[in-house]
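1. Model the structure of this input:
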Amino acid sequence: MGRKKKKVAESPEEPLNTVQSMEPITSHLSPSNKETIMVTLHGATHLPTCKDGSEPWPYVVVKTTSEDTKNQNAKAVTSVTSEPTTAPIWGDTVKVELQAEDAGREDVILKVVDNKKKEELLSYQIPIKYLRVFHPYHFELVKAAQSGKAEEATAKTHLYATVVRKGSFFPRYIGSNHTALEVFLRGVNEPLVNNCDPMVVIARVVPNYNDFKVNQIKQDAASVGLPITRLSFPNPSVMRFDVPRGSQNGCPQLSKPGGPPELPSWNQSFLFQGRDGATNFSEDTALVLEYYSSTSMKGGEPWTLSKPLGVSVLPLKSRLYRKMLAGKGLSGLRVERLPITDTKLKTINGEAPTVDISFQLLSSENPENFLTPNNSQVLPILDPKILDEKLGTIRESWSKATVSSTMESSTSTAQEAEEEPQSPKMPHEMELNNYRRAMQKMAEDILSLRKQTSMLEAENRMLRSQLTQEEGEEEQDNSNAQKLDEVSMKQKLVLSELDMKKLRDKVQYLQNELIRKNDREKELLLLHQAQQPQATLLKRYQDKLQKMKALEETVRHQEKVIERMERVLEDKLRDWREPLLNRPQGKPPMAFPVLPASGLPLGTAGEPLPADLYSALLAENSRLRAELEKNRHQPAPIILQQQALPDLLASTSDKFSLLAKLERAQSRILSLESQLEDSARRWGREKQDLATRLQEQEYGLGHPSNSIITDLPNSLAHTKDHRRPLKLDPLMPSSDTKLNKPSNSQNT
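-> Residues are numbered from 1 along each chain as shown. Sure, this is the predicted structure:
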């Protein structure tokens, strides 16, 4: 299964210029009754490809869940990379504002989008209620590995971002008179000769610099570079958002890349809270600035920072604290030339580079003035030589075991006594003033505690309500899931029953079809068995019909022979008659014999033909002509034409009727064959007899007779009429006796 990719309407911002803007953040607070989520997108690795398999052209859209639900266009959009890639680098900072009362219900959503096709590649949802106010989180966002190719591709993706939740006021913590320490980093003072890339700065305030150096030597992950917090989605652990108070490694913050490389400039403000111990000035507290090389103005790969290019350390000792409070206006100082140590960087003069920084203490919960490039220049300047030589040897007038709150409250009095000598006071008045200050401090602490208690109670109530709501939603989700499971099971059962019914109907239909096919096969077999004898019988009848045609041809040939014989007889009779007619009167005929009283003709030698022979010839001739005439008028034998039988006969009676017709046709053919054979035999015998008699007449082998034909013309006419053969019509097959197959004329 592939992942579903949504279309996104937001377009990326224009790419930022390579030179950083000189305008710093004007305020670390959000507007009244609102909260601001600042998100710095550093980069990503192993982004998934687009739907068509091409490399994405990525940018990031940041919005809240309510904006995403309402399909509102987000204003927090990063720039797009210069070319398609699966390992983009942005370095852009965007912000999202929301109402303070909605912070407990809202989540911030980070969507990685392809610029070319506006497809959502992947998204992460961070609960805002888990983020501690003003704490910088450096996240590595990953997806939990799941089954499927698309899920495996997104599981390899790592998105690196810094998230800061800002409120409308600074919280005041117990034991601290100040809410935060602001540090403003301007830039390097002298041009560099051996720096090729822009630089980024990691700033932190550590409570014990010596322990921090030991941890760095041990390569402790929390003290080297930028510590990364890994969040696994879709269900990140709440413990990942927990921030311990007073960490030994401080709370590191990352700057934007400073350029140009030969003279880096940042003009960036860092804010360190009193909760993290940034306002507790002591002998071991220090501000640490680490400088790293960046491969591009987009931030390079700040999550893979290696060895720093240099380090600047500003000890935050109590003397420095008193110096800050001694100034008028802002409670801050400026260090123009803070050296960068442990570095190979050199200026054009061959010296180690220095940076210009300013810092101030913020005591109000809602301060109005933050450090800017302009107002930081009016702060009192602290000489770094004094910082190195004198601050370490100043003997403090209070014990190191004194509580930091007492130290802070009494520093002003000590400073006044040290710098501005005042008139001596009475011990009673001094004790009274100390008592008043202690009471005032106690009252402020009580008010702060009450405020913190009310805030904690409100937070507890909100957490309890959220817990109750989540439990109710979980129970409702469980019940809904159970109901949905039941409904789905019922639907599956109904669907399975319907499928079973369809299968039964299909099986029944197939069984019926099988039975019908078997019956049809049986009928076809029976029909085939019935057709075999009929086909054999029909073939035999066709053979007999061909024999009949051959016999008819023979009969026609015999008729022609008989006609020729008759013509020969007529010629003979004519020859006999002519001498008799041409003979002189009174003389007996010599060439042709005189017919006797019986009317028989005479032979060539004058002997009359035998009477029985002549009568027999006439009778046989008449009988043959009558039989031929009879055969001519008889109907031709009916030969059934083999037709294509239907698949199924209408009934058994049709079969019986066809069989009866075949039997009648067979008997008729047999009778005709026998008649033709008998006629052929008789005609053959008669032909032979006639030929023999003709030869006897020619050679005078007939019996002599003394009979004289008295009525010769009439008798001759009568004999001629009886002896002339009738003209036979040729036997033609009837149109109703067409054969299915052509006859074979070669069979005789």
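2. CA atoms for contacts and neighbours, from now on please.
-> Noted.
3. now the helices: where do they sit in the protein?
-> Counting by DSSP state H, the chain has helices at residues 65-69, 149-155, 209-217, 318-326, 384-389, 404-419, 427-582, 611-633, 652-698, 712-723.
4. average model confidence for the second one?
-> When you say that, I think you mean helix 149-155. Across helix 149-155, the average pLDDT comes to 70.
5. How about the shortest one?
-> In this model, helix 65-69 carries a mean pLDDT of 90.
6. which secondary structure elements does that helix contact?
-> In this structure, helix 65-69 makes packing contacts with strand 107-114, judged by 3 or more Cα pairs under 8 Å, 6 or more residues apart in numbering; DSSP states H and E.
7. From the rest of the structure, what touches the strand it packs on?
-> 8, 50, 56-65, 119-129 (Cα atoms under 8 Å, 6 or more residues apart in numbering).
8. would you turn the helices of the chain into CSV with mean neighbour count and distance to residue 282?
-> Below are those laid out as CSV (neighbours: other Cα atoms under 10 Å; distance: least, Cα to Cα, whole Å):
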stretch, mean neighbour count, distance to residue 282
helix 65-69, 14, 44
helix 149-155, 17, 46
helix 209-217, 15, 11
helix 318-326, 19, 6
helix 384-389, 13, 14
helix 404-419, 15, 9
helix 427-582, 14, 21
helix 611-633, 14, 153
helix 652-698, 14, 126
helix 712-723, 15, 173
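9. Could you save those helices as TSV and add columns showing distance to residue 196?
-> Listed next are the helices of the chain as TSV, based on distance: least, Cα to Cα, whole Å:
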stretch	distance to residue 196
helix 65-69	43
helix 149-155	35
helix 209-217	26
helix 318-326	35
helix 384-389	28
helix 404-419	45
helix 427-582	49
helix 611-633	132
helix 652-698	112
helix 712-723	149
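10. Figure out which of these is closest to residue 37.
-> helix 65-69 (13.1 Å; Cα to Cα).
11. Could you check how far the closest one is from the centre of its chain?
-> Computed by Cα atoms, centre = their mean, to the nearest Å, the chain-centroid distance of helix 65-69 equals 29 Å.
12. what's in contact with it?
-> Helix 65-69 is contacted by residues 73-74, 106-109 when judged by Cα under 8 Å, 6+ apart.
13. Show me which of those residues are buried.
-> Those of those that meet the buried threshold are 74, 106-109, by 16 or more other Cα atoms under 10 Å.
14. follow-up on the earlier one: so which of the helices of the chain is nearest residue 346?
-> helix 384-389 (19.1 Å).
15. Can you give me the distance of residue 492 to residue 486?
-> Here residue 492 is placed at a distance of 10 Å from residue 486 (Cα to Cα, to the nearest Å).
16. Among the contacts of strand 107-114, which lie within strands?
-> Using DSSP state E, the subset of those located in strands is 58-64, 120-127.
17. Out of the residues you listed, who's the most crowded?
-> Most neighbours among the ones in strands among the contacts of strand 107-114, by other Cα atoms under 10 Å: residue 58, with 31 neighbours.
18. And the nearest residue to that residue once chain neighbours are set aside, how close does it get to residue 70?
-> On the basis of Cα to Cα, 6 or more residues apart in numbering, the spatially nearest residue to residue 58 that is not a chain neighbour turns out to be residue 114, at 4.6 Å. Distance, residue 114 to residue 70, by Cα to Cα: 22 Å.
19. returning to what we had before: looking at the helices of the chain, which is nearest to residue 225?
-> helix 209-217 (9.5 Å).
20. avg pLDDT for that closest one?
-> 88.
21. List the beta-bridge partners for residue 126.
-> Per DSSP bridges, the residues bridged to residue 126 are residue 108.
22. residues contacting it?
-> Going by Cα under 8 Å, 6+ apart, residue 126 touches 107-109.
23. got it, and residue 185?
-> Applying Cα under 8 Å, 6+ apart, the residues near residue 185 are 266-270, 355-358.
24. what's the spacing between it and residue 271?
-> 11 Å.
25. Which residue, other than its chain neighbours, is closest to residue 95?
-> Residue 95 sits nearest to residue 38 (Cα to Cα, 6+ apart), 4.5 Å away.
26. So the one you found sits against residue 167, correct?
-> No: using Cα atoms under 8 Å, residue 38 is not in contact with residue 167; the gap is 11.0 Å.
27. Run through the stretch 101-250 of the chain and note the low-pLDDT ranges.
-> 146-151, 175, 246 (pLDDT under 70).
28. if you go through it in chain order, where are the strands?
-> Taking DSSP state E, counting those that start in this stretch to define them, one finds strands in the stretch 101-250 of the chain at 107-114, 120-127, 136-143, 158-166, 180-188, 199-206, 229-233.
29. Need the contact partners of the fourth one.
-> Going back to what we said before, that points to strand 158-166. 28-30, 35-47, 128, 131-142, 303.
30. rerun at 7 Å
-> Outside strand 158-166, the residues that touch it by Cα atoms under 7 Å, 6 or more residues apart in numbering are 29-30, 35-46, 131-142.
31. could you check the angle strand 229-233 makes with it?
-> In terms of direction (axes from the mean of the first three to the mean of the last three Cα atoms, to 10 degrees), strand 158-166 departs from strand 229-233 by 110 degrees.
32. and strand 158-166, C-alpha only, in CSV?
-> Provided in CSV are the C-alpha atoms of strand 158-166 (Å, rounded to 0.1, in the frame of the first residue of the first chain):
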residue,chain,number,x,y,z
HIS,A,158,15.2,12.7,9.9
LEU,A,159,14.0,16.3,10.3
TYR,A,160,16.1,18.7,12.4
ALA,A,161,14.4,21.7,14.0
THR,A,162,14.7,24.1,17.0
VAL,A,163,11.4,24.9,18.7
VAL,A,164,10.9,27.7,21.3
ARG,A,165,7.6,28.4,23.0
LYS,A,166,7.3,32.1,24.0
